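Colleague: predicted model follows, preceded by the sequence.
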Amino acid sequence: MDNQQENKELFDSRYVLVFLKKWRNKLMLVALSAALISGSVSYIIEPRFLSTVVMIPASTVSISKSLIKEWGDALMFGQEKEAEQLIEVLHSDAIRNRIAIKYNLLKRYGISPKSPYKNLYLKLEYLDRVWFNRNPDNTVEINVLDKQPDTAAHIANDIAALADSVRDDIQKARAKKVLKIVEDEYLRKKALVEKLQDSLKIYTELGVFDFETQSGIIYKQYVKSLAKNSPGAVSELEKRMKVIQAKGWNYVALRDFAYHERNEMFALGVKYDQAKLDVEQSLPIKYVIDPAIPAEKRDSPKRWAIVIVSTISSIAFAIIYILIMSSYKKQSL
């Protein structure tokens, strides 16, 4: 059994050697032709240069919250959540559209502006040449391929710069709505407090300005005047007591309500200042660690890989073709 197996393996090996020896000239011709053709084609393919920006996402905290707590919250590096949010911003249509306009990508990618599918073709070409990675250490990479190394670096750096402005546009649109709501409520509350203060002035003009303390003092003076038998003082104090008795509790209710509304107005004023700060100021969404620089050598095409793969593939197809034709001739005989 072992001898039969050895003879079979020997026969197979000899058959392969005989086959290669028999067809070596034609196979060498195929390999040489494939190498020459693929090598020539590789020079026709447009070269692409790769530039990369490396960033660390920043902590997503508003300036107003940072002021309330600590500035340290705003200076911290972001984690996985912030890295994913940064990549979502980088993928936004707003960034792609701005880059497409600035660098005239339709012309650069050879897309006809008259094509009904120009936006689809532009998006596909853009995604083929621009991509983003999140690394295990939560750094984010912007990778850009272009036929010119300088342009690849410029596009990568511009995308990184646009991340902040696009995020600001998104957040400030919401912050402006919040500011308008808080501002309207603050002004409404302020107007109410001013009316309440005007109403309290009416009571102070009538002589009611501190019901609890004032009523106690007047009552003590009234008792003393009675004890001293001072009719004039007693009469005057009785008038003042009647005014306080008639207006005092209304004054207390109005005063307490005005105090409550004034505190709410102050709280809304703080929120208004915070909302205004969020609209007028912003923090970066990322820290650029390594900006993109022009590549010194092309990233693609890799000519040696094209030549090797094409040559091996051609030889393999040639061998298969020879085997099929040999088998066909044998069956014909």
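Modeller: Right, received. Where do you want to start? Given the structure is predicted, the values throughout are model-derived calculations rather than measurements.

Colleague: phi and psi next, for residue 193.
Modeller: Main-chain dihedrals, residue 193, degrees, to the nearest 10: phi -60, psi -40.

Colleague: neighbouring contacts of the longest strand along the chain?
Modeller: Across the chain, the strand with the greatest residue count (assigned by DSSP state E) is strand 49-57. Strand 49-57 is contacted from outside by 77-79, 82-83, 85-86, 138-149, 152-153, 155-157, 159-160, 285-295, 297-299, using CB atoms under 8 Å, 6 or more residues apart in numbering. Heads up, the C-betas are built off the backbone N, CA and C, glycines and all.

Colleague: which SSE is immediately downstream of the worst-scoring helix or strand of the chain on mean pLDDT?
Modeller: Lowest on mean pLDDT, DSSP states H and E among the helices and strands of the chain sits helix 71-75, with a mean of 51. Using DSSP states H and E, the helix or strand that follows helix 71-75 towards the C-terminus is helix 80-90.

Colleague: packing partners for that following helix?
Modeller: Helices and strands touching helix 80-90, by 3 or more CB pairs under 8 Å, 6 or more residues apart in numbering; DSSP states H and E, are strand 49-57, strand 130-134, strand 140-146, helix 149-205.

Colleague: and of these, who's closest to residue 318?
Modeller: strand 140-146 (34.1 Å; CB to CB).

Colleague: what pairs with that closest one, parallel or antiparallel?
Modeller: According to DSSP bridges, strand 140-146 forms sheet pairs with strand 49-57 (antiparallel), strand 130-134 (antiparallel).

Colleague: can I get those in CSV including mean neighbour count, mean pLDDT and distance to residue 31?
Modeller: Output for these, formatted as CSV (neighbours: other CB atoms under 10 Å; pLDDT from 0 to 100; distance: least, CB to CB, whole Å):
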stretch, mean neighbour count, mean pLDDT, distance to residue 31
strand 49-57, 21, 90, 31
strand 130-134, 16, 92, 35
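
Colleague: of those strands, which approaches residue 174 most closely?
Modeller: Nearest to residue 174 among the strands paired with strand 140-146 is strand 49-57; the distance by CB to CB comes to 19.8 Å.

Colleague: so, low pLDDT: which residues of the stretch 151-300 of the chain?
Modeller: Within the stretch 151-300 of the chain, the stretches with pLDDT under 70 are 203-252, 299-300.

Colleague: try it again at 90.
Modeller: Counting by pLDDT under 90, the stretch 151-300 of the chain has low-confidence residues at 163-183, 186, 189-190, 192-290, 295-300.

Colleague: element containing residue 112, please.
Modeller: Going by DSSP H and E, residue 112 is not in any helix or strand.

Colleague: list the contacts for the residue lying closest to it once chain neighbours are set aside?
Modeller: Take residue 112 and drop its neighbours on the chain: the residue closest to it by CB to CB, 6 or more residues apart in numbering is residue 118, 6.6 Å away. For residue 118, the contact set (CB under 8 Å, 6+ apart) comprises 106, 111, 112.

Colleague: so which of those residues is the closest to residue 317?
Modeller: residue 111 (34.4 Å).

Colleague: element containing the nearest residue to that closest one once chain neighbours are set aside, please.
Modeller: Of all residues not flanking residue 111 in the chain, residue 121 sits nearest, at 4.9 Å (CB to CB, 6+ apart). If you go by DSSP H and E, residue 121 is part of helix 118-129.

Colleague: list the buried ones in that helix?
Modeller: Neighbour-count burial for helix 118-129 flags 122, 125, 126, 129 (criterion: 16 or more other CB atoms under 10 Å).

Colleague: check stretch 187-196 too.
Modeller: Neighbour count says stretch 187-196 has 189, 192, 193, 196 buried, by 16+ other CB under 10 Å.

Colleague: can I get the residues you listed in JSON lines including distance to residue 267?
Modeller: What follows is the buried residues of stretch 187-196, written out as JSON lines (distance: CB to CB, whole Å):
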{"residue": "189", "distance to residue 267": "9"}
{"residue": "192", "distance to residue 267": "14"}
{"residue": "193", "distance to residue 267": "12"}
{"residue": "196", "distance to residue 267": "16"}
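
Colleague: show me which pair in those residues is furthest apart.
Modeller: Across these, no pair lies farther apart than 189 and 196, at 10.5 Å, counting by CB to CB.
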